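Trainee: Model the structure of this input:
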Amino acid sequence: MEVEQFTSDALSGAEKLFDQFLVRARNALGPDVTALRIHILLNVFAHEGVNQRALLNLLDMTSVTALSRNLADMSVLTSSKKPGPGLIELHFDSMNLRQKSIHLTPKGRAVVASILR
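Mentor: Purely as a prediction, here's the structure:
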């Protein structure tokens, strides 16, 4: 019985922390931000300059297309060529133009800092 109570209490505490985190993320990014986009931002913050293939592995994703679309939608110009939030920028590798490193913009760093506070 003690283990069940501990587990229930721990889950309740984790749920509260997650809810608070989600509220901060939605306040910073808008009410319809997806968990995947929050996950992408946090991983780019933790691994600044990561390339798309490595980020795909960090996120445990299999769809390069989905990742590319999400990255574009967080850039200055979205995948539908509309103005975006400008949180992420892609830098081409001068030695291999197929490789892009992913970086947070100053605005992106400010947003992540506000989420993590």
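
Trainee: make it CA atoms for all contacts and neighbour counts henceforth
Mentor: Noted.

Trainee: what helices or strands is the host helix or strand of residue 68 leaning on?
Mentor: For residue 68, the element it lies in under DSSP states H and E is helix 64-73. Judged by 3 or more C-alpha pairs under 8 Å, 6 or more residues apart in numbering; DSSP states H and E, the packing partners of helix 64-73 are helix 52-58.

Trainee: how near is residue 24 to residue 71?
Mentor: The gap separating residue 24 from residue 71 is 21 Å, by C-alpha to C-alpha, to the nearest Å.

Trainee: between the two, who's got more neighbours?
Mentor: Using other C-alpha atoms under 10 Å as the criterion, residue 24 and residue 71 rank with residue 71 on top: 21 against 18.

Trainee: residue contacts, the more buried one?
Mentor: Residue 71 sits next to residue 88 when contact means C-alpha atoms under 8 Å, 6 or more residues apart in numbering.

Trainee: Show me where the protein has its strands.
Mentor: For the chain, the strands defined by DSSP state E cover 88-93, 96-104.

Trainee: Name the residues that touch the first one?
Mentor: For strand 88-93, contacts defined as C-alpha under 8 Å, 6+ apart pick out 71, 74-76, 98-105, 108.

Trainee: ok, of these, which come out buried?
Mentor: 71, 74, 75, 76, 100, 101, 102, 103, 104, 105, 108 (16 or more other C-alpha atoms under 10 Å).

Trainee: so the helix holding residue 68 versus strand 88-93, what angle?
Mentor: 120 degrees (axes from the mean of the first three to the mean of the last three C-alpha atoms, to 10 degrees).
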